[in-house]
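Participant: below are the sequence and a predicted model for it; my questions follow.
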Amino acid sequence: MYNPTGKAAKCRGYREIPEGNEKALKRAVARVGPISVAIDASLTSFQFYSKGVYYDENCNSDNLNHAVLAVGYGIQKGNKHWIIKNRRTWLAWALLACSYAAAPVDRDPALDHHWNLWKKTYGKQYKEKNEEVARRLIWEKNLKFVTLHNLEHSMGMHSYDLGMNHLGDMGACGACWAFSAVGALEAQLKLKTGKLVSLSAQNLVDCSTEKYGNKGCNGGFMTEAFQYIIDNNGIDSEASYPYKATDGKCRYDSKNRAATCSKYTELPSGSEDDLKEAVANKGPVSVAIDARHSSFFLYRSGVYYDPSCTQNVNHGVLVVGYGNLNGKDYWLVKNSWGLNFGDQGYIRMARNSGNHCGIASYPSYPEI
């Protein structure tokens, strides 16, 4: 209970700095002092930070969920950074965008054999010892999460189960938007010509950038990918322009063009009925979902429903069908994380559950 006799300070007002203006923030820190800021706290990588300038390409400036204090700034080995106070710890940061507060734990030696077996199964290799230690801690955390979830699943508490797949230690190029776009166009090409041709996601990663607002491995938009293909009069085949999982120089060659796009259609936001009709009558539809939860990337089977899933979308996928399993309506969704994800690369996501995970928020499909 507040007691005025113990009053230590008072505030006569406050000021807000222009949103997104790092120069204004720098001036305020220099002239006024520490500044309260909000950051994205959804990534696991922050909890294993120890030193250096922190930068994670998956950080999202649109998903602010953690309050910290900007107390200074500087340059370390050529990298500009903010000095951030996070409760009792201090961080040097490259940009105001990412954090998650959690204390690292010691490795469990009883899991050494299982860790080595998992690495061998999925061909995991780490260049530095520090990286392997960090990944090992993430892996152990996820293993415990999977074990507890599946125990609850066996007691009827969940409609899906989890498994330790190749994503158990996280990390990859964020080109989901490109795979969603080429997947939708591949389907249209198959429906029109009868031929199934793999199209180049790397073509989109490298070429549909500046003008279209896409950022390669740092994210993008399916609709802007479609617009690039329209403006470019085509997209190369995967065979001629293979996926490299990294940003590169645009190497589009019209001689290797495998498909074109005449236009694209955006469906009404939030309407699962319209999404269902489009999937049935037009074919696979590109959608964006909230995929930031461990339960998503460790999904194995069943109908996925996580009450913590929001409509703040951050991942592009492809809705290829719909159905009902054990009395639960679902969307059949193709992900871009390989066959080791989920059910051979697919996940069944709850349908008619209030636009779960935002799946019907931004649907679109191309036409040839």
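Facilitator: All right, it came through fine. In this text the structure is predicted, and so the values were computed from the model without any measurement. Numbering: from 1, shown residues only.

Participant: tell me where the stretch 1-150 of the chain has helices.
Facilitator: 22-31, 112-121, 129-154 (DSSP state H, counting those that start in this stretch).

Participant: just for the chain, where's the confidence low?
Facilitator: Residue ranges of the chain with pLDDT under 70: 1-2, 41-50, 62-63, 65, 87-106, 160, 162, 164-172.

Participant: could you report the distance from the closest residue to Asn214 other than its chain neighbours to Asn352?
Facilitator: Using Cβ to Cβ, 6 or more residues apart in numbering and skipping residues adjacent in sequence, the residue nearest Asn214 is Gly220, 3.2 Å away. For the C-beta atoms, the positions are set from N, CA and C on the backbone; glycine is no exception. For Gly220, the distance to Asn352 (Cβ to Cβ, to the nearest Å) stands at 29 Å.

Participant: so those two - more neighbours on which side?
Facilitator: Ranked by neighbour count (other Cβ atoms under 10 Å), Gly220 and Asn352 place Gly220 first, with 26 against 15.

Participant: how about the strands in the stretch 151-300 of the chain?
Facilitator: Counting by DSSP state E, counting those that start in this stretch, the stretch 151-300 of the chain has strands at residues 160-162, 235-236, 257-259, 263-266, 285-289, 299-304.

Participant: return the most buried member of those.
Facilitator: strand 285-289 (a mean of 28; mean count of other Cβ atoms under 10 Å).

Participant: using CSV, write out every CA atom in that one.
Facilitator: Extracted in CSV, the C-alpha atoms of strand 285-289 (Å, rounded to 0.1, in the frame of the first residue of the first chain):
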residue,chain,number,x,y,z
VAL,A,285,-3.8,-20.2,-50.6
SER,A,286,-0.9,-18.3,-49.1
VAL,A,287,-1.5,-17.2,-45.5
ALA,A,288,0.3,-15.7,-42.6
ILE,A,289,0.2,-17.1,-39.1
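
Participant: counting by contacts, list what it packs against.
Facilitator: For strand 285-289, the elements it packs on are helix 176-193, helix 272-281, strand 315-325, strand 364-367, judged by 3 or more Cβ pairs under 8 Å, 6 or more residues apart in numbering; DSSP states H and E.

Participant: re earlier: give the contact list for the residue nearest to Asn214.
Facilitator: Shown in contact with Gly220 (Cβ atoms under 8 Å, 6 or more residues apart in numbering): 175, 177-178, 204-205, 208, 212-214, 316.

Participant: for the spatially closest residue to Asp108 that is not a sequence neighbour, give me its contacts.
Facilitator: In space, not counting the residues next to it along the chain, Asp108 is nearest to Glu140; the distance is 6.0 Å by Cβ to Cβ, 6+ apart. Counting by Cβ under 8 Å, 6+ apart, Glu140 touches 105, 107-108, 111, 115.

Participant: of the residues you listed - the most surrounded one?
Facilitator: Trp115 (21 neighbours).

Participant: so it sits against Leu137, correct?
Facilitator: No: applying Cβ atoms under 8 Å, one finds Trp115 not in contact with Leu137, separated by 10.6 Å.

Participant: just name the closest of the contacts of Gly220 to Asp290, please.
Facilitator: Distance to Asp290 across these (Cβ to Cβ) is lowest for Gly316, with 11.8 Å.

Participant: that closest one reaches Asp290, doesn't it?
Facilitator: No: using Cβ under 8 Å, Gly316 is not in contact with Asp290; the gap is 11.8 Å.

Participant: give me the more crowded residue out of the two.
Facilitator: Gly316 (28 against 22).

Participant: ok, now which ones touch that one?
Facilitator: Gly316 is in contact with 176-181, 220, 222, 286-288, 336, counting by Cβ under 8 Å, 6+ apart.

Participant: the same query, at a cut-off of 10 Å, please.
Facilitator: Contact analysis of Gly316 by Cβ atoms under 10 Å, 6 or more residues apart in numbering lists 174-181, 183-184, 219-222, 225, 286-289, 291, 335-336, 362.

Participant: list the beta-bridge partners for it.
Facilitator: Going by DSSP bridges, Gly316 is paired in beta bridges with Ala288.

Participant: need the contacts of Glu140 in CSV (columns: distance to Cys357).
Facilitator: Converted to CSV, the contacts of Glu140 look like this (distance: Cβ to Cβ, whole Å):
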residue, distance to Cys357
Val105, 29
Arg107, 33
Asp108, 32
Leu111, 31
Trp115, 31
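
Participant: what is the nearest of the residues you listed to Ser154?
Facilitator: Nearest to Ser154 among the contacts of Glu140, counting by Cβ to Cβ, is Leu111 at 21.6 Å.

Participant: how about the closest one: what's its closest non-neighbour residue?
Facilitator: Glu140 (6.2 Å).

Participant: look up how far Asn232 lies from that neighbour.
Facilitator: 46 Å.

Participant: cool, Tyr365 as well?
Facilitator: As judged by Cβ to Cβ, Tyr365 and Asn232 stand 19 Å apart.

Participant: between these two, which one's more packed in?
Facilitator: Neighbour count, other Cβ under 10 Å: between Tyr365 and Asn232, Tyr365 has more, with 26 against 19.

Participant: for Gly78, the count of nearby residues, please.
Facilitator: Burial of Gly78 is recorded as 6 neighbouring residues (other Cβ under 10 Å).

Participant: and for Gly72?
Facilitator: With other Cβ under 10 Å as criterion, Gly72 counts 16.

Participant: that one and Lys85 touch, don't they?
Facilitator: Yes: here Gly72 reaches Lys85: they are 9.2 Å apart, a contact under Cβ atoms under 10 Å.

Participant: list the residues that contact both of these two?
Facilitator: Residues touching both Gly72 and Lys85 (Cβ under 10 Å, 6+ apart): Pro34.
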